[in-house]
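*Asks:* please find the sequence and the predicted model below.
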Amino acid sequence: MKSDLAKWIEEDGKKFLRKIGIREGQMILDFGCGKGHYTIPASNLVGVKGKVYALDKNRSVLNKLRRIIEKTDIKNIKLINGERNITVKNNSVNAVLCYDVLHYLKFQDRMTVYNDIWRVLKEEALFSVYPKHNKEDSPSGELADVNLEGIIGEVENSGFILNQKIFKKLLHDNFFTEGFLLNFRKGG
């Protein structure tokens, strides 16, 4: 029997991303990509005409992801080492995935990240947030005292418009879980 992670990488991750609006040929930024649990399915979904920028501050996890990419001969992922500086061209990205990352960032750092994400996204593009570890979902870190409505408010104050708040099955660490996904659009 396949592990949750294997099932996600091979099948469910691609289905999940397709349902939130990721399409073939798109440019995607996986902000805080970690081990690539969303990066690899996104890479498979966008195909050879698309690209996935995988950004993480942890050089060690990026090196592990690099080895997976080389071993599987994936050509459409570009690794970016950085904490908050998104070195992607302005207005060039169709979607940003920001999953299970915000709890690491202090409020002012989150504001900087939202503004930088706004900068790289095309008009009407998707900003998808999985705010794990908020006040209502395993509180931890900088989100321990912030509820979902507070997170929505932060993102909307940066100019984004909430498009969907949906409860979905998704991958957290190496296991399936359920949680709220917040999908925003870059307003004009």
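*Replies:* The structure has been received and is ready for your questions. Nothing here was measured: the structure is a model prediction, and the numbers come from that model.
*Asks:* nearest residue to L97 in space, please, no chain neighbours.
*Replies:* Excluding the flanking residues, the one nearest L97 by CB to CB, 6 or more residues apart in numbering is D30, at 4.8 Å. In short, each C-beta sits where N, CA and C put it, glycine included.
*Asks:* bridge partners for the one you found, pull those for me.
*Replies:* Taking DSSP bridges as the rule, D30 bridges to A54, L97.
*Asks:* quick one: mean pLDDT for stretch 114-122?
*Replies:* Averaged across stretch 114-122, pLDDT comes to 96.
*Asks:* buried set for it?
*Replies:* 114, 116-118, 120-121 (16 or more other CB atoms under 10 Å).
*Asks:* thinking again about what came up before, was I right about the residue nearest to L97 contacting K51?
*Replies:* No: under the criterion of CB atoms under 8 Å, D30 is not in contact with K51, lying 11.1 Å apart.
*Asks:* which one's more surrounded, these two?
*Replies:* Counted by other CB atoms under 10 Å, D30 and K51 do not tie: D30 has more neighbours, with 28 against 22.
*Asks:* from Y53, how far out is the more buried one?
*Replies:* D30 sits 7 Å away from Y53, going by CB to CB, to the nearest Å.
*Asks:* cool, and L171?
*Replies:* 20 Å.
*Asks:* got it, and D116?
*Replies:* When CB to CB is the yardstick, D116 and Y53 sit 12 Å from each other.
*Asks:* ok, E156 next?
*Replies:* In this structure, E156 and Y53 are 24 Å apart, going by CB to CB.
*Asks:* of these two, which one has the most company?
*Replies:* Set E156 next to Y53 and count neighbours by other CB under 10 Å: Y53 wins out with 23 against 14.
*Asks:* ok, that one - contacts?
*Replies:* Y53 is in contact with 27-30, 77-78, 80, 88, 93, counting by CB atoms under 8 Å, 6 or more residues apart in numbering.
*Asks:* can you rerun that using 7 Å?
*Replies:* By CB atoms under 7 Å, 6 or more residues apart in numbering, the residues touching Y53 are 29-30, 78, 80, 88.
*Asks:* for P131, state which of these is nearest.
*Replies:* Set against P131, the nearest of these by CB to CB is D30 (15.8 Å).
*Asks:* tell me, how many residues neighbour the residue nearest to E83 when sequence neighbours are not counted?
*Replies:* In space, and not counting its chain neighbours, E83 is closest to K57: 4.0 Å by CB to CB, 6+ apart. If you count neighbours by other CB under 10 Å, K57 ends up with 15.
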